[in-house]
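Peer 1: what's the 3D shape of this:
(3 chains)
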Amino acid sequence: MPVETRTFTVKSKTETDLIDITQEVQKAVSSSKIRSGTVTLFVQGSTASVSTIEFEPNLVQDFKDAMERIVPSKIKYRHTETWGDDNGKSHVRATLMGPSLTVPFKEKKLLLGTWQQIALFDFDVPARSREIVVQIVGD
Amino acid sequence: MPVETRTFTVKSKTETDLIDITQEVQKAVSSSKIRSGTVTLFVQGSTASVSTIEFEPNLVQDFKDAMERIVPSKIKYRHTETWGDDNGKSHVRATLMGPSLTVPFKEKKLLLGTWQQIALFDFDVPARSREIVVQIVGD
Amino acid sequence: MPVETRTFTVKSKTETDLIDITQEVQKAVSSSKIRSGTVTLFVQGSTASVSTIEFEPNLVQDFKDAMERIVPSKIKYRHTETWGDDNGKSHVRATLMGPSLTVPFKEKKLLLGTWQQIALFDFDVPARSREIVVQIVGD
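Peer 2: Numbering: from 1, shown residues only, chains lettered A, B, ... in the order given. From the prediction side, this is the model:
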């Protein structure tokens, strides 16, 4: 069973940032020799996640607001005592959502819904450069 | 043939609805030519998720009540301004939980726990017909 | 041989317990005949999850505190009426986070970040012995 590993880099802005990576993922699948299978997106790091969302600005803001309610910024996190970093909330959010997403594809086309985009959720506080692993497994 | 793609349709009721899809998934695995591997369940749409739960009515209600506390219905979502839809909460819930689940199987048997069922979590407000992709990869 | 199934057992302590299983997963990948692909970790049971975290004691405690705020212990769960078990919260937490994680590997090395460990999140109330399925698919 063939396997192809690709990576690409995404630059995020300061504080919580959502980035639509659907085109990058589709490009990796289109240019591989594998016609059908699964693509696993995995972010190397413990303060970011991958999921799907209807990527429109109002909903993106709704999601940020909801995450601020679920895992607030303005409380104390013990992790700050370990490294002096103010990103305890970022770690908790990323662990809750998880670092990976597996998407099926057929005849080199991602089997997404019409209003369903793949996004990187960067929860860290400083702007960062993120390495995304794209693992394509199939036939 | 190491990859097989199946789909099935599930009809959900109005507001948050959980549906046990374990039998449908086991049927797809049983009828495929692949003996061992992984099955990825992926819901095409951005207001539903797939996860596992002990599927008994009291716990299903507990989960709905918990999600209502985590991502409440009775607050304002900006997404409503985009489409006039009252399903901002549905999108946020689905993005938080994710659209997919990967389950291992061996000798055509899903490797689930005894009280662990696979469920579709339809968070949308109207009743819907949902297409679930079943991507079977293995040997 | 494109699919290999391994299992290992983890003993958790009473109440919410996080256990670093990175070494066990790397060992399974290292000893398999598959060089590159994906490893799916799946916990058989409906009160535990698998995700990644920077596994340091302060952050582990931050995560436990956050989960206690998101899905509190001190409220009523109907599931208690079904079995008399006081683990309604445990089920809700595990369903929210999901039972599985898929990690890519290349040349037998897990493609994790430097401060990113794979952990079992056992949300159940009593101490338990947990069976983790390690499904390795690749080439």
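
Peer 1: if you count neighbours, what's buried in the helix-or-strand element of chain A with minimal mean pLDDT?
Peer 2: Here the helix or strand of chain A ranked lowest by mean pLDDT, DSSP states H and E is helix A:79-83, holding a mean of 87. Residues of helix A:79-83 classed as buried: A:79-80 (neighbour count, 16 or more other C-beta atoms under 10 Å in any protein chain shown). Yep, even glycine has a C-beta here, placed from its N, CA and C like the rest.

Peer 1: show me what it is packed against.
Peer 2: The elements that helix A:79-83 packs onto, with contact taken as 3 or more C-beta pairs under 8 Å, 6 or more residues apart in numbering or on different chains; DSSP states H and E, are helix A:88-97, helix C:57-70.

Peer 1: the very next helix or strand once past the shortest one pairs with which strands?
Peer 2: Right, the one you point to is helix A:88-97. Secondary structure here is assigned by DSSP states H and E; on that basis, the next helix or strand after helix A:88-97 toward the C-terminus is strand A:100-106. When pairing is defined by DSSP bridges, strand A:100-106 lines up against strand A:37-43 (antiparallel), strand A:109-110 (antiparallel).

Peer 1: residues from chain A in reach of chain C?
Peer 2: Proximity of chain A to chain C is assessed by C-beta under 8 Å from any C-beta of the partner chain, with A:1-3, A:5, A:38, A:40, A:42-46, A:70-71, A:77-79, A:81-82, A:88, A:91-92, A:94-96, A:98-100, A:102, A:133, A:135, A:137 identified as the residues in range.

Peer 1: OK, contacts around A:Ala66?
Peer 2: Listed by C-beta atoms under 8 Å, 6 or more residues apart in numbering or on different chains, the contact partners of A:Ala66 are B:71, B:92, B:96.

Peer 1: A:Ile70: neighbour count?
Peer 2: A count of nearby residues for A:Ile70, using other C-beta atoms under 10 Å in any protein chain shown, gives 18.

Peer 1: doesn't B:Pro72 make contact with it?
Peer 2: No: A:Ile70 sits out of contact with B:Pro72 when judged by C-beta atoms under 8 Å, with a separation of 10.8 Å.

Peer 1: what number of residues lie near A:Glu131?
Peer 2: When neighbours are counted by other C-beta under 10 Å, A:Glu131 registers 15.

Peer 1: swap in A:Phe121?
Peer 2: Residues within reach of A:Phe121, counting by other C-beta under 10 Å, total 23.

Peer 1: other SSEs contacting the host helix or strand of it?
Peer 2: Element membership for A:Phe121 (DSSP H and E) is strand A:117-122. Other helices and strands packing on strand A:117-122, by 3+ C-beta pairs under 8 Å, 6+ apart, are strand A:3-12, strand A:17-20, helix A:22-30, strand A:48-53, helix A:88-97, strand A:128-138.

Peer 1: and that strand with strand A:3-12, angle?
Peer 2: The directions of strand A:117-122 and strand A:3-12 differ by 60 degrees, with axes from the mean of the first three to the mean of the last three C-alpha atoms, to 10 degrees as the criterion.

Peer 1: gap between strand A:117-122 and the chain center?
Peer 2: Mean C-alpha position of strand A:117-122 versus that of the full chain (C-alpha atoms, centre = their mean, to the nearest Å) differs by 4 Å.

Peer 1: quick one: contacts of that strand?
Peer 2: Residues from elsewhere that reach strand A:117-122, judged by C-beta under 8 Å, 6+ apart: A:10, A:12, A:16-22, A:25, A:41, A:43, A:47-55, A:93-94, A:97, A:101, A:103, A:110, A:112, A:128, A:130, A:132.

Peer 1: out of these, which end up buried?
Peer 2: Among the contacts of strand A:117-122, those that count as buried by neighbour count (16+ other C-beta under 10 Å) are A:10, A:12, A:16-19, A:21-22, A:25, A:41, A:43, A:47-55, A:93-94, A:97, A:101, A:103, A:110, A:112, A:128, A:130, A:132.

Peer 1: give me the residues contacting the least confident helix or strand of chain A.
Peer 2: The contact list for helix A:79-83 (C-beta under 8 Å, 6+ apart) reads A:85-88, A:91, C:54, C:56, C:58-59, C:62.

Peer 1: and which of those is nearest to chain B?
Peer 2: A:His91 (16.3 Å; C-beta to the nearest C-beta).

Peer 1: what sits against the residue lying closest to A:Ile53 once chain neighbours are set aside?
Peer 2: Closest residue to A:Ile53 apart from its sequence neighbours, by C-beta to C-beta, 6 or more residues apart in numbering or on different chains: B:Thr95 at 4.6 Å. By C-beta under 8 Å, 6+ apart, the residues touching B:Thr95 are A:51-53, A:63, B:46.

Peer 1: repeat that with 6 Å
Peer 2: By C-beta atoms under 6 Å, 6 or more residues apart in numbering or on different chains, the contact set of B:Thr95 is A:51, A:53, A:63.

Peer 1: repeat for A:Thr16
Peer 2: With C-beta under 6 Å, 6+ apart as the criterion, the residues that contact A:Thr16 are A:64, A:123.

Peer 1: that one and chain B, how far apart?
Peer 2: A:Thr16 sits 13 Å away from chain B, taking C-beta to the nearest C-beta, to the nearest Å as the criterion.

Peer 1: phi, psi for that residue please.
Peer 2: For A:Thr16, the backbone dihedrals (degrees, to the nearest 10) come out as phi -60, psi 120.
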